[in-house]
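Asks: Got a predicted model here, sequence first, then my questions.
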Amino acid sequence: MTKQAAIIGGGVIGGGWAARFLLSGWDVRVFDPDPEAKRKIGEVLANARRSLPGLFETALPEEGSLSFHDTLEEAVSGAIWVQESVPERLDLKQKVYTSLMEHCAQSAVIGSSTSGFKPSELQEGTARPEQIVVAHPFNPVYLLPLAELVTTEKNTPDVIAKAKEILSAIGMHPLHVKKEIDAHIADRFLEAVWREALWLVKDGIATTEEIDDAIRYGFGIRWAQMGLFETYRVAGGEAGMKHFMAQFGPALQWPWTKLMDVPEFTDELVDLIAGQSDAQSGHHSIRELERIRDNNLVAMMRALKTQDWGAGALLNAQDKHLGANAPEIDETRPIVTVRRAIPLDWTDYNGHMNEARYLQAFCDATDRLMEIIGCDAEYISTGGSYFTAETHIRHLDEVHAGARIEVRTQVLLGEGKKMQLWHEMYEGERLLATGEHMLIHVDLETRRPSIPGPSIKANLTRIATAHANLSKPAGIGASVGVRA
């Protein structure tokens with residue numbers, strides 16, 4: 001049965017939450033009196049569909065259903081997670097909670113997107129305070145995995161465990177903040193940097209663009225993959241963190257910052273900063289900047305996946321979680337060896353998938369077929385594997401970023417040292433490309449052809465025998481420029 005989430009407030013953050021849940025296979029019910037809510041969420045969702053699925057090597061679940069409702073009562077009906085993302089006014093939030101308590105299930109978790117209020121403030125005066133937690137995300141919610149989960153002693157262990165489980169299941173990292181504080185953890189850092197940046201602009205030290213350059217070309221990249229303390233530990237060299245603190249600790253006494261002093265927001269300062277920002281980025285629309293941001297985030301986070309580090313390690317874990325739900329294999333039909341979306345970084349200057357990525361998708365399909373017959377990492381560690389000897393790919397149709405593809409694999413030959421595979425790539429039932437591949441089993445010590453192990457041979461023979469009953473695919477044996 002599809003799980004259900006209710007989104008209360010459909011602005012930028014609420015829309016991001018809706019997209020995150022929806023693309024994770026949940027049904028999403030939205031309540032927002034704004035007549036533009038459906039359009040705004042639709043635009044956020046379009047960006048999410050384009051970018052989020054491409055973070056993974058495994059297809060996301062089928063989208064849930066999205067519906068909009070005129071009352072809170074309708075929106076929360078059946079929801080096991082309710083996310084409140086209304087404006088940052090405590091009286092408004094508490095009024096919403098009073099109404100929520102009347103209509104939502106007592107077992108539902110109520111998460112607040114608040115960036116500043118403590119959960120005890122949100123819980124005050126409510127009928128069931130144990131249901132309310134802070135679940136503070138970062139924009140764009142559908143890409144950035146951090147959710148600050150802030151709780152109080154009124155939250156039961158079961159509620160906390162359930163909140164962690166649900167956030168993890170939709171690919172987020174629930175950072176459990178066990179001792180509440182205004183603005184939680186991350187926003188306090190952001191506020192400190194923001195205050196210092198305002199002074200640097202006001203005092204004429206740097207422009208908005210120069211400050212952004214200092215972050216994006218310098219420590220921002222380090223922070224993205226290693227955080228603050230781990231970065232400084234490395235800066236301490238072989239002597240480690242103690243050496244770093246001994247070396248740079250005295251600098252904390254120097255008048256380098258004005259963190260406790262904020263310039264007055266005069267019209268002059270606001271105009272100065274707004275003008276510099278317009279000059280820096282005004283040639284892009286907000287939607288263009290969002291897409292540029294999403295492209296960059298996807299590229300960085302996918303790069304971190306190859307190192308299994310930071311946000312990349314979290315994505316790899318989610319890949320395994322998604323892959324665990326793969327359907328059973330039917331060996332009497334072509335085997336689905338790849339289900340995934342096309343990432344943003346797989347496209348080229350023509351706006352469609354680069355030809356090298358067709359080969360990568362087929363390589364992934366071959367690797368999956370090898371796993372199915374038992375030629376997995378454990379077997380390869382014993383000294384046997386398959387090498388590709390010949391490949392022929394036909395590019396039949398174009399495919400764009402965000403498209404969901406499927407590769408279906410047929411074993412044409414499985415005898416002795418040889419394995420011949422036929423891959424067909426589809427978007428829905430539209431055939432995009434075919435790949436014909438001849439592989440040879442190799443002894444990794446001698447680097448020479450060899451007979452595969454008995455279990456590999458038996459598994460491959462079984463599938464090849466079953467696939468011999470399938471019709472012969474069109475295009476087998478074709479040469480470049482010549483139809484078979």
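Replies: Yep, that arrived. Residues are numbered from 1 along each chain as shown.
Asks: Okay, strands next: where are they in the stretch 201-350 of the chain?
Replies: Along the stretch 201-350 of the chain, the segments classed as strands by DSSP state E, counting those that start in this stretch run 335-341.
Asks: For Ala264, give its distance to Ala224.
Replies: Careful, residue 264 is Glu and not Ala. As judged by C-beta to C-beta, to the nearest Å, Glu264 and Ala224 stand 33 Å apart. (C-beta placed from N, C-alpha, C; glycine too.)
Asks: quick one: which of those two has more around it?
Replies: Neighbours were counted for Glu264 and for Ala224 using other C-beta atoms under 10 Å; Ala224 has more, 16 against 8.
Asks: which stretches of this protein have low pLDDT?
Replies: Within the chain, the segments meeting pLDDT under 70 span 482-484.
Asks: Output the longest strand belonging to the protein.
Replies: As assigned by DSSP state E, the longest strand anywhere in the chain is strand 430-443.
Asks: partners of that one, with directions?
Replies: Counting by DSSP bridges, the strands paired with strand 430-443 are strand 384-395 (antiparallel), strand 418-427 (antiparallel), strand 448-449 (antiparallel).
Asks: Which helix or strand lies directly C-terminal to the first one?
Replies: What it means is strand 384-395. Using DSSP states H and E, the helix or strand that follows strand 384-395 in sequence is strand 404-415.
Asks: Output the contacting helices and strands for that next one.
Replies: Where contact means 3 or more C-beta pairs under 8 Å, 6 or more residues apart in numbering; DSSP states H and E, strand 404-415 is packed against strand 335-341, helix 355-373, strand 418-427, helix 454-467.
Asks: nearest to Thr306, of the ones you listed?
Replies: helix 355-373 (13.0 Å; C-beta to C-beta).
Asks: For the helix or strand following that closest one, list every residue counted as buried.
Replies: From helix 355-373 onward toward the C-terminus, using DSSP H and E, the following helix or strand is helix 377-381. Applying a neighbour-count criterion of 16 or more other C-beta atoms under 10 Å, the buried positions in helix 377-381 are Tyr379.
Asks: Show me where the stretch 51-200 of the chain has its strands.
Replies: Going by DSSP E, counting those that start in this stretch, the stretch 51-200 of the chain shows strands at 66-69, 81-84, 109-112, 132-136, 146-150, 173-177.
Asks: want to throw the helices and strands packed on strand 404-415 into TSV with mean neighbour count and distance to Leu228?
Replies: Below are the helices and strands packed on strand 404-415 laid out as TSV (neighbours: other C-beta atoms under 10 Å; distance: least, C-beta to C-beta, whole Å):
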stretch	mean neighbour count	distance to Leu228
strand 335-341	21	33
helix 355-373	18	35
strand 418-427	22	43
helix 454-467	17	48
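Asks: how about Asp294, what does it touch?
Replies: Neighbouring residues of Asp294 by C-beta atoms under 8 Å, 6 or more residues apart in numbering: Asn47, Arg50, Ser51, Pro140, Leu143, Leu344.
Asks: Farthest pair within the residues you listed?
Replies: Pairwise distances across these (C-beta to C-beta) peak at 13.4 Å, for the pair Pro140 and Leu344.
Asks: Can you tell me how far the spatially closest residue to Gly414 that is not a sequence neighbour is from Leu272?
Replies: Nearest residue to Gly414, sequence neighbours excluded (C-beta to C-beta, 6 or more residues apart in numbering): Ala464, at 3.3 Å. Counting by C-beta to C-beta, the gap from Ala464 to Leu272 is 72 Å.
Asks: Same question for Leu314.
Replies: Distance of Leu314 to Leu272, computed by C-beta to C-beta: 39 Å.
Asks: Of these two, which one has the most company?
Replies: Neighbour totals were compared for Leu314 and Leu272, and Leu314 leads with 20 against 16 (other C-beta under 10 Å).
Asks: show me the contacts for that one.
Replies: Taking C-beta under 8 Å, 6+ apart as the test, what Leu314 contacts is Pro145, Gly171, His173.
Asks: do Ile463 as well
Replies: Going by C-beta under 8 Å, 6+ apart, the list of residues near Ile463 reads Glu331, Ile335, Ile372, Ile373, Val411, Gly414.
Asks: do that again at 10 Å, thanks
Replies: Ile329, Glu331, Thr332, Ile335, Leu369, Ile372, Ile373, Thr409, Gln410, Val411, Gly414, Met419 (C-beta atoms under 10 Å, 6 or more residues apart in numbering).
Asks: Kindly report the same for Pro129.
Replies: Shown in contact with Pro129 (C-beta under 10 Å, 6+ apart): Tyr97, Met101, Ile110, Pro119, Ser120, Leu122, Gln123, Thr152, Lys154, Asn155.
Asks: Equivalent analysis for Thr306, please.
Replies: If you count contacts by C-beta under 10 Å, 6+ apart, Thr306 has them with Gly312, Asn316.
Asks: Could you check how far it is from Thr337?
Replies: Noted for Thr306: a distance of 21 Å to Thr337, by C-beta to C-beta.
Asks: buried stuff in stretch 22-30?
Replies: In stretch 22-30, counting by 16+ other C-beta under 10 Å, buried: Leu22, Leu23, Ser24, Gly25, Trp26, Asp27, Val28, Arg29, Val30.
Asks: about what we covered before: quick one: which of the contacts of Asp294 is most hemmed in?
Replies: For these, the largest number of neighbours (other C-beta under 10 Å) sits with Ser51, at 25 neighbours.
Asks: Would you mind confirming that that one makes contact with Leu60?
Replies: No - the criterion here is C-beta atoms under 10 Å, and Ser51 misses it with Leu60 at 11.8 Å.
Asks: shared neighbours, those two?
Replies: Residues touching both Ser51 and Leu60 (C-beta under 10 Å, 6+ apart): Ala341.
Asks: measure stretch 276-292 end to end?
Replies: 20 Å (C-alpha to C-alpha, to the nearest Å).
Asks: nope, stretch 218-229 is what I was after
Replies: For stretch 218-229, the end-to-end distance is 16 Å (C-alpha to C-alpha).
Asks: now stretch 56-71
Replies: For stretch 56-71, the first-to-last residue distance is 36 Å (C-alpha to C-alpha).
Asks: if I pick Arg128, what's in contact with it?
Replies: The contact partners of Arg128, taken as C-beta under 10 Å, 6+ apart, are Tyr97, Leu100, Met101, Cys104, Gln106, Ala108, Ile110, Lys154, Val159.
Asks: before we move on, the earlier item: closest one of the contacts of Asp294 to Gln83?
Replies: Pro140 (14.9 Å).
Asks: now that closest one, nearest residue through space, not along the chain?
Replies: Gly16 (5.3 Å).
Asks: and what of Phe138?
Replies: In space, Phe138 is closest to Leu144, 4.4 Å off (C-beta to C-beta, 6+ apart).
Asks: Kindly report the same for Glu290.
Replies: Of all residues not flanking Glu290 in the chain, Asn47 sits nearest, at 5.9 Å (C-beta to C-beta, 6+ apart).
Asks: Over to Lys472: give its phi and psi.
Replies: Dihedral angles of Lys472 (phi, psi; degrees, to the nearest 10) stand at phi -70, psi 120.
Asks: Okay, Ala214 and Glu196: tell me how far apart.
Replies: Distance from Ala214 to Glu196, by C-beta to C-beta: 11 Å.
Asks: Equivalent analysis for Gly477, please.
Replies: The spacing between Gly477 and Glu196, counted by C-beta to C-beta, is 67 Å.
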